[in-house]
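A.B. asks: okay, predicted coordinates and the sequence, questions at the end:
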Amino acid sequence: MIVGNFEKTTRYDLQKCIEIIDNTKSIYKSFNRNDHRIRKKIYAKYGNRRKNRVNQILHKVSKNIVNELKENKQGIAFEKLTYIRRLYQKGDGQGNNYRGKMNVWCFPEINRQIKYKAEWEGIKVIEIF
């Protein structure tokens, strides 16, 4: 994720989120038991673990972004990314793994966190449609 203005840009590395998600997928694939009730419990356990770990990383990034905005007395503008997932659909010549990595990006959650933290700090938030 890149945040910046005309003078300075800051890159926040969210690669750890992708690694956590890939690890969870490999755990799902390694589970061979054919009982759907047990599989459902295991998937719920690891899915919640993944969600909590990714949200913790996103919380730290959003906190840093809002602190930087507050220090520089700046506002923030979000562009609408609703149809970004349409770029990575089946039949586009991309592999399953690549499409999976691109569609797992959690932009609504980081937008939500930045918005409420910015509004809490009194920073102007603009949505561009």
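C.D. replies: Yep, that arrived.
A.B. asks: what's the pLDDT at residue 72?
C.D. replies: What the model reports as pLDDT for residue 72 is 85.
A.B. asks: got the phi and psi for it?
C.D. replies: When read as degrees, to the nearest 10, the backbone of residue 72 gives phi -90, psi 0.
A.B. asks: I'd like the distance between it and residue 7.
C.D. replies: Residue 72 sits 9 Å away from residue 7, taking Cβ to Cβ, to the nearest Å as the criterion. All C-beta atoms are positioned from the backbone trio N, CA, C, and that covers glycine.
A.B. asks: return every residue with contacts to both of those two.
C.D. replies: Common contact partners of residue 72 and residue 7 (Cβ atoms under 8 Å, 6 or more residues apart in numbering): none.
A.B. asks: more neighbours: which of the two?
C.D. replies: With neighbours defined as other Cβ atoms under 10 Å, residue 72 and residue 7 compare such that residue 72 has more, 10 against 6.
A.B. asks: show me the contacts for residue 65.
C.D. replies: 3, 12, 76, 114.
A.B. asks: and it, backbone torsions?
C.D. replies: Phi and psi for residue 65, reported as degrees, to the nearest 10, are phi -60, psi -50.
A.B. asks: what average pLDDT does whatever helix or strand residue 112 lives in get?
C.D. replies: Taking DSSP states H and E as the definition, one finds residue 112 inside helix 107-121. When pLDDT is averaged over helix 107-121, the result is 88.
A.B. asks: what strands line up against the helix or strand just after it, and which way round?
C.D. replies: Sequence-wise, the next helix or strand downstream of helix 107-121 (DSSP H and E) is strand 125-128. Partners of strand 125-128 in the sheet, by DSSP bridges, are strand 76-79 (parallel).
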